[in-house]
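Enquirer: no sequence for this one, just the structure:
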């Protein structure tokens, strides 16, 4: 379906950085699934063409970015990106590179900061939409060999569409969607730092060293009022499906949580999501 956001041409300010500047060649479109929602748009220049997908799996600021196109070369192992020309580059999780059926080069990565202007996982609709309204472009570094700047124009309308879509999808997740609109505290792991990369995607079953599967996965865990994981499901995947059960088994073994708290401070059944990159290079 169309998001109803028309293409906006903006001045190619990122050209000063020496990268490729790509203008929009389509409107945003919205994909609504039971487990996630995504928006996509196509961009091009005389040298390259790129499709940008931004996908959200919950009502935090986290966004999974997928970029694929022609006229580009494979990037490095970890990308950074910038939402406003004056801000610092934002770090992201490790890259997953792939090739589409029709031969286009693609990369995917997850960032808990998304396109908002503030730290922290959780959305303040008024503050975040004000920041998103001032966006002119998204510039990606090391996602490809070439630095690319996509002239998106303001992102407040399309981001609001995506968040509303996720909120509608939450009724399918075996939780009380209504109570999650006014959380005092969301579910959070009782471990800190890069434990997901170290203990989950950094460990492999023995057979994987023979077949060397590659996968970019997003997992959702249902978490009890006591902080215990009740279930794990891979809700989105690119690459091999051989590691789905292994990833969830590891998460069920290792992950423990501080439970979500409702508006009155009471623990409630909730969920937690994370991205996993498996690659042996």
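Expert: Received, thanks. Since we're looking at a predicted model, the values are computed, not measured.

Enquirer: strands of the stretch 1-150 of the chain, start to end?
Expert: Here the stretch 1-150 of the chain has its strands, by DSSP state E, counting those that start in this stretch, at 20-24, 29-32, 37-44, 49-56, 63-70, 78-82, 90-94, 96-99, 105-111, 138-141, 148-150.

Enquirer: and of the ones you listed, who's closest to residue 199?
Expert: Closest approach to residue 199 among those is made by strand 90-94 (14.8 Å; C-beta to C-beta). Just so you know, the C-beta spots here come from the backbone N, C-alpha and C atoms, and that holds for glycine as well.

Enquirer: looks like residue 205 contacts residue 244 (just checking).
Expert: No: counting by C-beta atoms under 8 Å, residue 205 stays clear of residue 244, with 12.0 Å between them.

Enquirer: most packed of the strands of the stretch 1-150 of the chain?
Expert: Most buried of the strands of the stretch 1-150 of the chain, by mean neighbour count (mean count of other C-beta atoms under 10 Å): strand 148-150, with a mean of 25.

Enquirer: shaky segments in the stretch 101-250 of the chain?
Expert: Low-confidence segments of the stretch 101-250 of the chain, defined by pLDDT under 70: 117-125.

Enquirer: can you rerun that using 80?
Expert: Within the stretch 101-250 of the chain, the segments meeting pLDDT under 80 span 117-127, 181, 192-194.

Enquirer: helices of that one, start to end?
Expert: For the stretch 101-250 of the chain, the helices defined by DSSP state H, counting those that start in this stretch occupy 125-133, 156-169, 195, 208-211, 244-254.

Enquirer: now do the longest one: which elements does it pack against?
Expert: The contact analysis (3 or more C-beta pairs under 8 Å, 6 or more residues apart in numbering; DSSP states H and E) places helix 156-169 against strand 29-32, strand 37-44, strand 49-56, helix 125-133.

Enquirer: for those, give me a markdown table that also has distance to residue 99.
Expert: Compiled in a markdown table, these are given as follows (distance: least, C-beta to C-beta, whole Å):
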| stretch | distance to residue 99 |
| --- | --- |
| strand 29-32 | 21 |
| strand 37-44 | 18 |
| strand 49-56 | 14 |
| helix 125-133 | 31 |
